[in-house]
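Q: only geometry, no sequence info:
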C-alpha cells in the first residue's frame with residue numbers, strides 16, 4: 001500500500017521536531033502531504049527544511065486567514081485523492097508516533113479488498129508537554145467505547161481521534177467533500193464509515209498524545225466536568241451549543257450524496273428519526289431518544305445526555321443546501 005500522511009500545521013515550531021523525528025522512524029515507506037494554516041512562527045521554515053522523507057505541500061493559508069483544523073484537513077483530504085495514495089493517515093503537529101504505527105495500522109487495511117471502504121483507529125497514550133505519562137490509555141481516560149461503531153453511536157459522540165486513524169482510498173472518496181457543518185474532520189470520517197464502510201479498533205496505544213495549553217480539543221478526563229473549580233454554568237452552555245451542532249452535522253450527513261446512496265433503509269430511518277427529535281415536545285423527545293438508543297443506558301454520561309435532550313431546544317433549519325469545504 002502506498003501511504004500518504006496528511007499533516008496540517010499552525011504555529012507548531014515548538015512541537016514539530018519531535019513529530020517529524022517520529023515519522024522518520026516509521027518502518028513502512030510513506031510520503032507527507034502538508035498544509036500550513038497561517039503560521040506566524042518558524043513552522044514553515046522547519047517543514048521546508050525537512051529532507052528525511054518525501055514531502056509535498058498544497059496551498060497554505062496566509063497569516064490571519066486560518067481555516068481551522070476542520071477546514072485545513074478538509075483541504076488535505078481532498079488533495080489526497082489527487083495523489084497515488086492507497087492509505088491515508090492524519091497527523092497533528094504536537095504528537096509523537098510510535099515506530100510501528102504505520103506497519104500495524106496499514107496491516108488492518110490490507111486485510112480487506114481495496115473497494116471495501118475502511119477506517120482503522122487505535123488507542124493513544126496521554127502525556128503532558130514533556131511527554132510524561134498522564135494515562136496509558138485515552139480510551140479509558142475519556143471513558144470511550146471504541147467498539148461502538150454504528151451510526152447511532154456516532155450521532156452523539158465521536159470515538160475516533162484524528163491522529164489515531166487511517167482510511168483507505170475507498171472511504172476517503174466517500175467522505176469528501178467535507179461539509180462546513182462537520183463538527184470535526186475525524187468525527188465526519190467516523191460518521192461516513194459507520195454508514196459506508198467498516199471500522200476496526202486497534203487496542204495498542206501507538207501515539208503519545210501530547211496535552212498542552214494550545215490543544216484544539218485535547219483529552220479531558222471522564223470527571224472533568226464535575227471538577228468543583230470548573231464553571232458549571234459555562235460548561236452547560238457550551239454543552240448545549242455542542243448538542244445543537246449534532247443536528248446540524250446530521251443534516252449535512254443526510255444531504256451527502258454518497259451517504260444517501262449507501263445508507264440502508266434502517267440507517268436512513270434512524271437519521272430521519274434523530275433529525276425529528278427537535279420538533280417533538282420535551283417528554284416525547286426524551287422517550288424517542290431512549291427508543292433510538294443514542295447512548296448506552298446507565299451512568300453519568302447517559303443521564304446528562306438525556307437531561308440535555310429533554311430540556312434543550314434546537315431551531316433546526318430545513319431544506320437548505322450547505323456549502324462544502
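A: That came through fine. Since the model is a prediction, treat every value here as computed from it, not as a measurement. Residues are numbered from 1 along each chain as shown.
Q: and residue 145, how close does it get to residue 201?
A: Computed as Cβ to Cβ, to the nearest Å, the residue 145 to residue 201 distance reads 9 Å. Quick note: C-beta positions are derived from backbone N, CA and C, even for glycine.
Q: cool, and residue 13?
A: From residue 13 to residue 201 the distance is 33 Å (Cβ to Cβ).
Q: of the two, who's got more company?
A: Between residue 13 and residue 201, counted using other Cβ atoms under 10 Å, the more crowded position is residue 201 (20 against 16).
Q: direction included, what does the host helix or strand of the more buried one pair against?
A: Per DSSP states H and E, residue 201 falls inside strand 198-210. When pairing is defined by DSSP bridges, strand 198-210 lines up against strand 96-97 (antiparallel), strand 118-127 (parallel).
Q: what comes into contact with whichever helix or strand comes after that strand?
A: Next in sequence after strand 198-210, counting helices and strands by DSSP H and E, comes helix 232-255. Helix 232-255 is touched from outside by 155-156, 179-183, 187-188, 191-192, 195, 225, 259-260, 271-272, 274-275, 277-278, 304, 308-309, 312, 314, 316-317, 321-322, with contacts defined as Cβ atoms under 8 Å, 6 or more residues apart in numbering.
Q: sec struct for the spatially most central residue of the chain, please.
A: Residue closest to the mean C-alpha point of the chain, counted by Cα atoms, centre = their mean, is residue 186 at 1.8 Å. Here residue 186 is recorded as helix under DSSP: H, G, I helix; E, B strand; the rest coil.
Q: contacts only, for it.
A: Counted by Cβ under 8 Å, 6+ apart, residue 186 has contacts 90, 158, 160, 161, 162, 165.
Q: how much space separates the second one from residue 193?
A: Remark: distance between residue 158 and residue 193 (Cβ to Cβ) = 12 Å.
Q: who has more neighbours, those two?
A: Neighbour count, other Cβ under 10 Å: between residue 158 and residue 193, residue 193 has more, with 26 against 18.
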